[in-house]
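Novice: Fold the following for me, if possible:
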Amino acid sequence: MDSWWESFVLTFIPLFIVIDAIGNLPFVISLTDGMSHHERRRVIHIASLTAALIGLAFLFFGQFILNVMGISVGAFAIAGGLILLVFSIRYMTRGHMVETIKEEMIAVVPIGTPLTVGPATITTLLLLVNQFPLYIVLVAFMVNVILTWVIFMLNNQIARFMGQGGLKAVSRVFSLLLAAIAVNMVIHGLDLLGIINVVD
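Specialist: You can find the predicted model right below:
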């Protein structure tokens, strides 16, 4: 039993860090800015389901999927970064990232992926499944998805507390941070592909 818990902790913590639900919460608030309470909840449900399905797909068939499609983790990182960059630029220039009638789209991209389950999470899953039993990694991942859903659901309380004015101000600031994260993802992808060499 001690060994099981140790393995669970060693798989749960890295996934919790790379999924970073708490850190992504402000982006969820920004991306759902202007949506009704019902629309915001719907986005969170779809985003959590999307993240779970993508994570499970790569957990069980990750390397096979990448090999068959000829896609590297680096290329996935670049694509995800470019998508986030487009959304952040759109917000800074137009005041919103998506139209509210397209909440399903934003729930899948970018909240479901690459924000929640992106290149870092996929890479971590692929590494963990080679080090620990599959069922332990599966349990750790699903617990993280449930925790992420709970944290994202709290955005309604946070949004009400901040009010529309505060929400707008925070959204503007985090749109800049989202752009920085996007650029970082692109750089990381280029590094993984060997195009550039990033020195830590």
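
Novice: Show me where the protein has its helices.
Specialist: For the chain, helices defined by DSSP state H occupy the ranges 2-19, 21-31, 37-69, 73-94, 103-106, 119-128, 134-153, 155-192.

Novice: Out of those helices, which gets nearest to Val198?
Specialist: helix 155-192 (4.3 Å; CB to CB). (Glycine included, C-beta is placed from N, CA and C.)

Novice: separation between the closest residue to Ala77 other than its chain neighbours and Val143?
Specialist: In this structure, Ala77 finds its nearest non-sequential neighbour in Gly189, 3.3 Å apart by CB to CB, 6 or more residues apart in numbering. Look at Gly189 and Val143: by CB to CB, to the nearest Å, they are 28 Å apart.

Novice: Run through the protein and note the low-pLDDT ranges.
Specialist: Scanning the chain for pLDDT under 70 picks out 1-2, 91, 94-104, 159, 162-171, 174, 199-200.

Novice: re earlier: same drill for Gly189 and Val143, tell me which one is more crowded.
Specialist: Gly189 (23 against 15; other CB atoms under 10 Å).

Novice: Please look at that one and Gly118 and confirm they touch.
Specialist: No. The criterion here is CB atoms under 8 Å, and Gly189 misses it with Gly118 at 10.6 Å.

Novice: joint contacts of these two?
Specialist: Applying CB atoms under 8 Å, 6 or more residues apart in numbering, one finds that Gly189 and Gly118 are jointly contacted by Phe76, Ala77, Gly80.

Novice: I'd like those as a markdown table, with distance to Ser7 appended.
Specialist: Output for the shared contacts of Gly189 and Gly118, formatted as a markdown table (distance: CB to CB, whole Å):
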| residue | distance to Ser7 |
| --- | --- |
| Phe76 | 27 |
| Ala77 | 28 |
| Gly80 | 29 |
